[in-house]
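K.L.:
give me a 3D structure for the following:
(one chain, ligands or ions: 3)
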Amino acid sequence: MHIGIIMDGNGRWAADKGWPRSFGHRAGAKKVSEIIKYCPELKVKTLTLYAFSTENWKRAAHEVSSLMRLFRGYLQTKYLEVVKNNIKVKFLGDTNPLPKDILLQMKKLETDTNKNNGFFLNIALNYGGRNEIIRSTKKIAKDLLSDKISVNDINETLFSSYLDTSDQKDPDLIIRTAGEMRLSNFLLWQSVYSELYFSNKMWPEFTTQDFEMAVNSFRQRNRKFGHKEYDFKKFV
Ligand code: IPE
Ligand code: IPE
Ligand code: MG
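P.N.:
Ligands and ions are numbered 1, 2, ... in the order given. Sure thing, here's the model as predicted:
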């Protein structure tokens, strides 16, 4: 099972307590480790976390730099844990505009966990669904121009293979915290048949019980993919 999480509400959580927004981001980062550790219990094999969107650069400069500092520190402190725990890390998004040292840490983590297969962790960092679709289209155009593929090869399977999530299944469930009911540019292509779950909790206060509630809600759903019969048996 693949779950995507739009971890929202760090700023509001901190502001409610009269603290700077960066405190909220720090508390949010702590929550990430707790949720990852709980995944095996719920039989969740893949987790995609929305950490920073292509639109988030437009926030105040001090907030953006505090987030970059947080990513830098987080990648450093979690490195060994991730490598040892058989977690395969993949970053989704446009890596070019990120600070070079963070980029190096990201590459190292991806390379050093490449053979891991216990758990799949995608981190969407400078990610935007539209940006991903444009980058993929450019790669397809290049391969067309160099005759690697022809126009008739272009179909949904080929297009998916050019996305950042190329070798992965689409998310079964997307959870968003902080009461907002929108995707905010998260996994546009991949979310077509994802089930959606919204929690009113701010991300730093989202607990493993809340996570379990979301998964249980998903397990009650009847997925039809546009063609399946409604399964009444499931609900009796
Ligand atoms: C989510 O929390 C974290 C990021 C977008 C990086 P926010 O920072 O969006 O928190 P709110 O929505 O302002 O409360
Ligand atoms: C989405 O949250 C991005 C992340 C959680 C990283 P935002 O807070 O940026 O989204 P909007 O502005 O509420 O749509
Ligand atoms: Mg927000």
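K.L.:
so how many other residues sit close to the residue of the chain found nearest ligand 2?
P.N.:
With Cβ to the nearest ligand atom, the shortest gap between the chain and ligand 2 falls at residue 184, namely 3.6 Å. The C-beta positions use only the backbone N, C-alpha and C, and glycine is treated the same way. For residue 184, the number of neighbouring residues by other Cβ atoms under 10 Å comes to 14.
K.L.:
what residues are up against it?
P.N.:
Residues counted as contacts of residue 184 (Cβ atoms under 8 Å, 6 or more residues apart in numbering) are 6, 8, 50, 53, 55.
K.L.:
so which bits of the chain are right by ligand 1?
P.N.:
Where the chain comes near ligand 1, counting by Cβ under 6 Å from any ligand atom, the residues are 7, 8, 9, 10, 11, 12, 52, 56, 67, 178.
K.L.:
now do 5 Å
P.N.:
8, 9, 10, 11, 12 (Cβ under 5 Å from any ligand atom).
K.L.:
buried subset of these, written for PyMOL?
P.N.:
To isolate the buried members of those in PyMOL, using 16 or more other Cβ atoms under 10 Å:
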select buried, resi 8+9+10+11+12
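K.L.:
longest helix in the chain, by residue count?
P.N.:
Looking across the chain with DSSP state H, the single longest helix is helix 61-84.
K.L.:
which parts of that one are buried?
P.N.:
Along helix 61-84, these residues count as buried under the neighbour rule (16+ other Cβ under 10 Å): 66, 67, 70, 71, 74, 75, 78, 79, 82.
K.L.:
so where's the protein shaky on pLDDT?
P.N.:
235-236 (pLDDT under 70).
K.L.:
could I get the full set of helices for it?
P.N.:
Along the chain, the stretches classed as helices by DSSP H are 10-16, 21-38, 61-84, 100-112, 129-145, 156-161, 208-220.
K.L.:
what would the ones you listed look like in JSON lines with distance to ligand 2?
P.N.:
Written out in JSON lines, the entries for the helices of the chain read as follows (distance: least, Cβ to the nearest ligand atom, whole Å):
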{"stretch": "helix 10-16", "distance to ligand 2": "8"}
{"stretch": "helix 21-38", "distance to ligand 2": "9"}
{"stretch": "helix 61-84", "distance to ligand 2": "9"}
{"stretch": "helix 100-112", "distance to ligand 2": "16"}
{"stretch": "helix 129-145", "distance to ligand 2": "11"}
{"stretch": "helix 156-161", "distance to ligand 2": "23"}
{"stretch": "helix 208-220", "distance to ligand 2": "16"}
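K.L.:
out of those, nearest to residue 2?
P.N.:
Comparison of the helices of the chain against residue 2 by Cβ to Cβ identifies helix 208-220 as nearest, at 11.1 Å.
K.L.:
before we move on, the earlier item: so which of the helices of the chain is nearest residue 200?
P.N.:
Between the helices of the chain, helix 208-220 lies closest to residue 200; by Cβ to Cβ that is 9.7 Å.
K.L.:
just checking, what packs against that closest one?
P.N.:
Here helix 208-220 touches helix 21-38, strand 173-176, strand 195-198, going by 3 or more Cβ pairs under 8 Å, 6 or more residues apart in numbering; DSSP states H and E.
K.L.:
rerun that using 10 Å as the cut-off
P.N.:
The criterion is 3 or more Cβ pairs under 10 Å, 6 or more residues apart in numbering; DSSP states H and E, and the helices and strands that helix 208-220 contacts are strand 2-6, helix 21-38, strand 173-176, strand 195-198.
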